[in-house]
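Colleague: next come a sequence and a model predicted from it.
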Amino acid sequence: MDPPILRAKGLTKRFGGLLAVDAVDLDVAPGQVHGVIGPNGAGKTTLFNLVSGFVSPDQGSLLFGDRDITRLRTYERTALGIVRTFQNIRLFRGLTVFENILVGQHTRARPGAFSIWPVASPRERELRQQAEELLELFRLVDDRDRLASELPYGAQKRLEMARALAASPSVLLLDEPTAGMNEQESEEIATEILAIRGRGVTVVLVEHDMNVVMRTSDVVTVLNFGVKIAEGSPETIQADPEVRLAYLGEDEAE
Amino acid sequence: MSLYTEGVLILVGINVLLALGYWITVNTGQFAFGNAGFMAIGAYLSAVLTLKLGWPLIPAMLLAGLAAGLIGAAVGLPALRLSMLYLAMATLGFAELVQIVFVNWAYVGGAAGLSGMRGTSLPLVAVVVALVMVYLWLVSRSRVGLAYAAVREDEAAARAAGLNVTWIKVMAFGQGALVTGMAGALYGHHLLFIAPANFGVHQSLSIVLYVVLGGLQTFWGPVVGATVLTLAPEVFDFLKDWYLLVYGLLFVVLMIVRPQGLIGRSRRRWVQRRPAAQTHVAREAAVGPPDPAG
């Protein structure tokens, strides 16, 4: 197996007396979809916040390739290629769909004092072209100049994924991309996740919808009360008695 | 042009600069309330340079603006961590502090102030206003302007998109203070006389009102707001003692009819940031209530 692109070692985060994430080790192999599941309160979102730099760990470290990124700020991680989405959609609501994607390219465009000059550089034209292609990929062409706040729910979710991809990440962290979607929409998102994987992007996926996780993931990690209780292929995870216990409770598991 | 008209136009220009300086900061979602403090720093420093050191006005104004900008960035840095109301309080406190320093500083005349500064002319004011507006126009069309807007719209999303939110906010604070400081320098050299009392809460409030009246969405709002509010006393002169009452009523009516200000599209209601209620309901129906720890 290739060396992991993202590696967490003993990652720990406490909130007061609550151990939200307890000494979690995670190896994410490049080019794979790595699912993270667990019941409510299992620490999935905290794990995401740790990896994306929104909170800093009390203990443990985080490696991106060979590089220790434990102390890097969020924008530095984005520039390196680790980009996240949010469970409850966070768009720039007063900006247009296209502008949202342009902001997503920020770390690649690196605007400075001179970029206010109104003539677009070749690099800028290239980036805008790529932004248009993302619109197409995520079926947002017709909504290009609408405000993000005016989009229906499903399209907002797609826009958030498009904005994250605009940074051309090597690791994409998707936090419940199908939350609040019906079966058909979830199915579309699953297809899109596989398409993203097809572009060579490693995906870490936190998801409640088991169908989506099982369809897309190469490896699944199961968290419960902040602790990793199982890891393996979707098939092994589905058969794992401890996982069934955590999800279904004692009676049904027997 | 009569001396009177020229005086009014100069004042319009200075107030437009004050409004723009405030707007630059507000445009990144930071509601400061002490811009009279930066204005005072610009006015006093430039006055010391021209009166006591014999500098010409233009370099004095530029240096005073720069100093106000640096102080603004320094104030902005700790103030960044404060949420809306506390940021307003902190900057208000800063402006009061500046006033107290000048009252107790004999070198700059204490409470009596400084007098004898001259040199602010209509062409000079017009050029400064034009330069600032061209700068803001270029910024608003660029990725830099987009980054400012992104920080205003959603800070967490801006961080995730790779924006250095702290840097952007400090830059906005510094640039806003710089423009405000230059406006202060022009103000002092127009009035011929400055005292700490010129830079009190009422001055900070006036600046806020220019921007609120004009609208926050683009920099044209503050330009129009400052112009209208500077000319209003001249136009409503015939109302005499009733002036403030009519003025207040107009404000109330306007805020009901056009809450987004004189300039700006109503659909860009960026003050209303939360997702529409409908999507929330849809989400909760599908996946249950939000789960903060999970």
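Modeller: Perfect, I can see it now. As the structure is a prediction and not an experimental result, all values here were calculated from the model. Numbering: from 1, shown residues only, chains lettered A, B, ... in the order given.
Colleague: give me the phi and psi angles of residue A:172.
Modeller: Here is the backbone geometry of residue A:172 (degrees, to the nearest 10): phi -110, psi 120.
Colleague: residue A:165 is in contact with that one, correct?
Modeller: Yes: with contacts counted by CB atoms under 8 Å, residue A:172 reaches residue A:165, the gap being 6.9 Å. C-beta here means a position set from N, CA and C on the backbone, and glycine is covered the same way.
Colleague: need the residues touching each of the two.
Modeller: A:83, A:196, A:201 (CB atoms under 8 Å, 6 or more residues apart in numbering or on different chains).
Colleague: if we can go back for a sec, neighbour count winner among residue A:172 and residue A:165?
Modeller: Shown here are residue A:172 and residue A:165; by other CB atoms under 10 Å in any protein chain shown, residue A:172 has more neighbours (26 against 23).
Colleague: in a markdown table, list the shared contacts of residue A:172 and residue A:165 along with secondary structure and pLDDT.
Modeller: Below are those laid out as a markdown table (DSSP: H, G, I helix; E, B strand; the rest coil; pLDDT from 0 to 100):
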| residue | secondary structure | pLDDT |
| --- | --- | --- |
| A:83 | strand | 97 |
| A:196 | helix | 94 |
| A:201 | coil | 96 |
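Colleague: out of those residues, who's the most crowded?
Modeller: These, ranked by neighbours (other CB under 10 Å): first place residue A:83, 28 neighbours.
Colleague: hey, what's that one bridged with?
Modeller: residue A:172 (DSSP bridges).
Colleague: show me what contacts it?
Modeller: By CB under 8 Å, 6+ apart, the residues touching residue A:83 are A:52, A:164-165, A:167, A:169, A:171-173, B:160-162.
Colleague: at 7 Å what do you get?
Modeller: A:164, A:167, A:169, A:172-173, B:160 (CB atoms under 7 Å, 6 or more residues apart in numbering or on different chains).
Colleague: tell me the one among those residues nearest to residue A:141.
Modeller: Using CB to CB, residue A:164 comes nearest to residue A:141 of the contacts of residue A:83, at 18.5 Å.
Colleague: against residue A:163, how distant is the residue nearest to the closest one when sequence neighbours are not counted?
Modeller: Spatially, and ignoring its direct neighbours in sequence, residue A:164 is nearest to residue A:83 (4.6 Å; CB to CB, 6 or more residues apart in numbering or on different chains). Residue A:83 sits 9 Å away from residue A:163, going by CB to CB, to the nearest Å.
Colleague: between the shared contacts of residue A:172 and residue A:165, which is nearest chain B?
Modeller: residue A:83 (6.8 Å; CB to the nearest CB).
Colleague: could you measure from that closest one over to residue A:213?
Modeller: 20 Å.
Colleague: ok, now residue A:170?
Modeller: For residue A:170, the distance to residue A:213 equals 22 Å [CB to CB].
Colleague: for the two, indicate the residue with more neighbours.
Modeller: residue A:213 (23 against 18).
Colleague: so, low pLDDT: which residues of chain B?
Modeller: Along chain B, the parts satisfying pLDDT under 70 run over B:265-294.
Colleague: switch the cut-off to 80
Modeller: For chain B, the stretches flagged by pLDDT under 80 are B:1, B:79-81, B:84, B:237, B:240, B:243-244, B:247, B:264-294.
Colleague: in it, what residue is nearest chain A?
Modeller: Counting by CB to the nearest CB, chain B gets nearest chain A through residue B:162, at 3.3 Å.
Colleague: can you pull the contacts of that residue?
Modeller: Residue B:162 touches A:75, A:78-79, A:106-107, A:167, counting by CB under 7 Å, 6+ apart.
Colleague: what sits up against stretch A:204-224?
Modeller: Applying CB under 7 Å, 6+ apart, the contact partners of stretch A:204-224 are A:26, A:28, A:32-39, A:42-45, A:48, A:171, A:173-176, A:178-179, A:186, A:189-190, A:193-194, A:228-234, A:237-238, A:243, A:246, B:287.
Colleague: between the contacts of residue A:83, which is nearest residue A:122?
Modeller: Among those, residue A:167 lies closest to residue A:122 (CB to CB), at 20.0 Å.
Colleague: can you tell me how far the closest one is from chain B?
Modeller: To chain B, residue A:167 is 6 Å away according to CB to the nearest CB, to the nearest Å.
Colleague: quick one, phi psi at that residue?
Modeller: Dihedral angles (degrees, to the nearest 10) for residue A:167: phi -80, psi 0.
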